[in-house]
Structures are given as C-alpha cells and as structure tokens.
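A.B. asks: starting from these lines, generate the structure:
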Amino acid sequence: MKDTFYAYIQTLQDTITAKLEEVDGKATFKEDLWKRPEGGGGRTRVIENGAVFEKGGVNISAVHGALPESMQKYFGVEDADFFACGLSLVLHPKNPMVPTVHANWRYFEMYDKEGNIVDQWFGGGQDLTPYYLFNEDAIHFHSICKKACDKHNSDFHKKYKERCDTYFWNAHRNEARGLGGLFFDYCKATEEMSMQDWYNFVTEVGNSFLEAYIPIVIRRKELPYTKEQRDWQEVRRGRYVEFNLVHDKGTLFGLRTNGRIESILMSLPPHVQWHYNHHPEKGSEEDRLLKVLANPKDWV
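C.D. replies: Residues are numbered from 1 along each chain as shown. I've put the predicted structure just below:
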C-alpha cells in the first residue's frame, strides 16, 4: 500500500503544480529535493511572487525510521518504527478576494521490531479560508467535497465536514480558521472499509481538489481591491499563522520527527499583520465573515 500511495502523490503533485502554474501565468514552482538523516526525504515545490499566488507550496514526503520517544508516548507504544508519506499544500493568493486553501492526503504505517505492520491508516482533507465571503464560492467548494464523499459513503460528507469544523478551530480566538471542508484521520480497516477502500476514498478526494478550488480562483483573481482590503487579508493571515503554530497536529508531527523545517513552515504567508484589539466595523463585509467564522454553517 505504501508504494502505491507514494506513487499516487508523486503524480498528483505533478498534476496540481502544472495547473497552478497555468492559472498563475507568471511564476513557476521551484523544486527542492531533500533527505532526512534518519530515513527518507521529500520533494518540495514552492511558488512565490506570482501574478495570482503570492506564496504557495505543494510538497510530498516519505519518511521512515524509529518512532521518536515523544510520538511513542502520543500513540501509546514502545520501541516502534514508522513510515509516513503524504502530500501537503497551502496556497496564499495575492488578491484578498481569492481565498487561501490548504489540503493534505497522507498514509502512515507502524511496525514492531520484527518489521511487522502493527497499525496503518489514512488521513487528510481540504479546507478553504477566505478573507471576503462569497456564498457561491463556499457552496461550490463544499459541493465538490460532498460529491467526492458520496461516491463512497453517503455519511462521509456530514461526518468529515463536522470534524473539519472542529479541527480547524482557533480555540484561543473562539473562531474557525476558515469555512472548513473535509478532515479525516486514523482511517483504518474495518468490516465496512478495507485499506483498499480507504485508498480509493482518499484518492477520490485528492483528485477532486483542482475542481473544488480552481474555478474560485479564476472567478476572483481579477477583482479590484483596496489597500484596506489587503490589510484585512494580512490581519486574517495572522490568525492562520496562529492556528498552524499552536494547534496543527501536522506541524507538530513534523517538528517532533525532525522534519525539514523549511518544508514544515512553508505554509506560513509572506506578509502578515497583527493589530492590537482589532475589530472591523459593524455590518461591514469583514464583520460578516467573522460572524460566519464564529458559527460554522452547512453550505450544501
């Protein structure tokens, strides 16, 4: 399974980066190959200062070795080895009318000292973080997520949308990071779903990403915006940074397993603002967004 999934994310990385370059029309991805001293490595691709994308990364990695002590405590195991691979992407557009997007799809195996698999699971998802709320964009993104889920289980969309809303919650701010999407983790074999079934589901979601996001980018990338709207985008980016550094399990896993710092922190935007006690004008578009973030809603 691990070889099959790693081959899949290699191809998916090629597909996504090619489409993003086409949409941007100016910048191209710079590729960086790296190795992890303890085992494995990755292929990082970053785009910067484009016509559409101010900064973004589409990264794949496959790492293995002894499970660090901090992670052994987390999983409640002793003296285990692991393999983990996945694709992770974050895109920060220049125009504040275009939402930031995040996605990742990953696979994990754990072994005893004889090399036997003692646990394995899939995880992943995709979520949207707008700075200005266009209802039709939210409906489109969630509709594509639902379509991908419904091909495999009619209960998946509701279940994983709710998990996404719960996971991407900035508890210290009491607000959602964005409009959510899908979040699933520890997807293990059961009587209802084999590991092949989970592979089929996760790759279905991965294959849906461009359909979910690119139409929104094309619809919004040429819209005019003011300096004040750009400032709001950078203030909201600060909340994005706070979530990734305080709450995100993927970031913490990378740091605890001696992951590559440049790739882990690729998700951070290049220009961010923090204002003391900042609040938008009541009844403004900025205020409307905050009201939705305080109470996540179902879009489809």
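A.B. asks: now for the helix or strand harbouring residue 89, which elements pack on it?
C.D. replies: When secondary structure is defined by DSSP states H and E, residue 89 falls within strand 81-93. Secondary structure elements in contact with strand 81-93, counted by 3 or more CB pairs under 8 Å, 6 or more residues apart in numbering; DSSP states H and E, are helix 2-24, strand 53-66, strand 100-111, helix 195-220. Glycine gets a C-beta too; all of them are placed from N, C-alpha and C.
A.B. asks: out of these, which comes closest to residue 40?
C.D. replies: strand 53-66 (3.6 Å; CB to CB).
A.B. asks: which parts of the stretch 101-250 of the chain are helices?
C.D. replies: 135-150, 156-167, 195-220, 227-246, 249-256 (DSSP state H, counting those that start in this stretch).
A.B. asks: packing partners of the second one?
C.D. replies: The one in question is helix 156-167. Judged by 3+ CB pairs under 8 Å, 6+ apart, helix 156-167 is in contact with strand 117-129, helix 135-150, strand 180-187.
A.B. asks: how far does the last one sit from the chain's center?
C.D. replies: Same thing as strand 180-187. Between the centre of strand 180-187 and the centre of its host chain there is 10 Å, according to CA atoms, centre = their mean, to the nearest Å.
A.B. asks: likewise for stretch 35-47?
C.D. replies: Taking the mean of its C-alpha atoms, stretch 35-47 sits 18 Å from the chain's own mean (CA atoms, centre = their mean).
A.B. asks: point to the residue nearest the middle of the chain.
C.D. replies: Most central residue of the chain, judged by C-alpha distance to the mean C-alpha position with CA atoms, centre = their mean, is residue 103 at 2.7 Å.
A.B. asks: now residue 205, nearest residue through space, not along the chain?
C.D. replies: Spatial nearest neighbour of residue 205, excluding adjacent residues (CB to CB, 6 or more residues apart in numbering): residue 148 at 4.9 Å.
A.B. asks: and that neighbour, how many neighbours does it have?
C.D. replies: One way to gauge burial is a neighbour count; for residue 148, by other CB atoms under 10 Å, it gives 24.
A.B. asks: a markdown table for the helices and strands packed on strand 81-93, including distance to residue 73 and mean pLDDT?
C.D. replies: A markdown table is the format used below for the helices and strands packed on strand 81-93 (distance: least, CB to CB, whole Å; pLDDT from 0 to 100):
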| stretch | distance to residue 73 | mean pLDDT |
| --- | --- | --- |
| helix 2-24 | 24 | 98 |
| strand 53-66 | 14 | 95 |
| strand 100-111 | 14 | 97 |
| helix 195-220 | 26 | 98 |
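A.B. asks: do you know how far the residue located most distally from the centre of the chain is from residue 79?
C.D. replies: The C-alpha centroid of the chain is most remote from residue 114, which lies 33.9 Å away (CA atoms, centre = their mean). Relative to residue 79, residue 114 is positioned 11 Å away (criterion: CB to CB, to the nearest Å).
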